[in-house]
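**Q** Take this sequence and fold it.
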Amino acid sequence: MSKNGVVASWDDSPAGRQVQSRLSEERTLLAIDRLLARLDTVEEAVKGLEQTMHQAPGMIAMVTDMADEAYRKADASGVSIETRLNNALVMAEKLTRPEMVTKLNDLIAVTDQLPGLVAMTVDTVDEGLRKARENGLEPESLVEWAGQFGTAMRAAQNEPTKKLGLLGMMRALNDPDRQKAIGFSLNFLKHLGKQMK
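**A** Residues are numbered from 1 along each chain as shown. Predicted structure coming up:
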């Protein structure tokens, strides 16, 4: 800016004086100090980035070599990474189909209800056992009887089957084990007949 042919310095202008006034304020000086500290940090980060950029080709080559070696080892042991990746992609495609997502959501809903279903089943079994006991049927006896029946069935299957005539059957009836089984069967039929109306 010139006045009467004389060039005035910027600090003689109102704007210059305002800048000088603001520069002398403590908060302005603190702000400038913070900016300079940040510039130092940015400069250090740039240096670190520059070093990393210089090392990047070597690091990329090293990672590539490691991946190649892992691929070769997997291939040598009969593992085809390409096949597995393709299978994984096929599986991902199947799992993300809308109908599969619906099924998975339904399954999750069922598993959320599972504790309640288990409790209901246990209650039902308990009620059934209680009713069986009220009717004189001991579940423990049934389990024991079923075990005996299974053991007898296996033993009979392993024993050779002979053709028996009338006399052979009469001799077989002298066997004490057979007599016990026939006696039990006759008693069972008697009591079953009583229950029938």
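**Q** The host helix or strand of Gly147: what's the following helix or strand?
**A** Using DSSP states H and E, Gly147 sits in helix 139-158. Going down the chain from helix 139-158, the next helix or strand is helix 166-172, by DSSP H and E.
**Q** How about residues contacting that next one?
**A** Contacting residues not belonging to helix 166-172 are listed as 162, 164, 178 [Cβ atoms under 8 Å, 6 or more residues apart in numbering]. (C-beta placed from N, C-alpha, C; glycine too.)
**Q** Ok, stretch 80-92 next?
**A** With Cβ under 8 Å, 6+ apart as the criterion, stretch 80-92 contacts 71, 74-75.
**Q** let's see 10 Å
**A** 67, 70-71, 74-75 (Cβ atoms under 10 Å, 6 or more residues apart in numbering).
**Q** From these, pick the one nearest Glu140.
**A** Ala74 (56.2 Å; Cβ to Cβ).
**Q** Next, Asn78: phi, psi?
**A** Careful, residue 78 is Gly and not Asn. Main-chain torsions, Gly78, degrees, to the nearest 10: phi 90, psi 10.
**Q** burial count for it?
**A** A count of nearby residues for Gly78, using other Cβ atoms under 10 Å, gives 6.
**Q** list the contacts for it?
**A** Gly78 sits in contact with no residue, where contact means Cβ under 10 Å, 6+ apart.
**Q** Could I get the pLDDT score of the spatially most central residue of the chain?
**A** A centroid search over the chain (Cα atoms, centre = their mean) returns Ile108, at 11.6 Å, as the residue closest to the centre. The model reports Ile108 with a pLDDT of 83.
**Q** could you say which helix or strand contains it?
**A** Taking DSSP H and E as the definition, one finds Ile108 inside helix 98-134.
**Q** For the protein, spot the helix or strand the model is least confident about on average.
**A** Ranked by mean pLDDT, DSSP states H and E, the weakest helix or strand in the chain is strand 2-3, scoring a mean of 54.
**Q** Give the ranges of residues in the protein that sit below the confidence cut-off.
**A** 1-8, 10-11 (pLDDT under 70).
**Q** Whichever strand or helix holds Glu50: how far from the chain's middle?
**A** Assessed by DSSP H and E, Glu50 sits inside helix 26-76. Here helix 26-76 is found 37 Å from its chain centre; the criterion is Cα atoms, centre = their mean, to the nearest Å.
**Q** which strands and helices sit next to it?
**A** helix 14-23, helix 81-95 (3 or more Cβ pairs under 10 Å, 6 or more residues apart in numbering; DSSP states H and E).
**Q** got those as CSV, with distance to Pro57 columns?
**A** As requested, the helices and strands packed on helix 26-76 are arranged in CSV below (distance: least, Cβ to Cβ, whole Å):
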stretch, distance to Pro57
helix 14-23, 47
helix 81-95, 25
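**Q** Arrange the ones you listed in TSV, one row each, with distance to Asp33 and mean neighbour count as further columns.
**A** Listed next are these as TSV, based on distance: least, Cβ to Cβ, whole Å; neighbours: other Cβ atoms under 10 Å:
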stretch	distance to Asp33	mean neighbour count
helix 14-23	13	11
helix 81-95	55	10
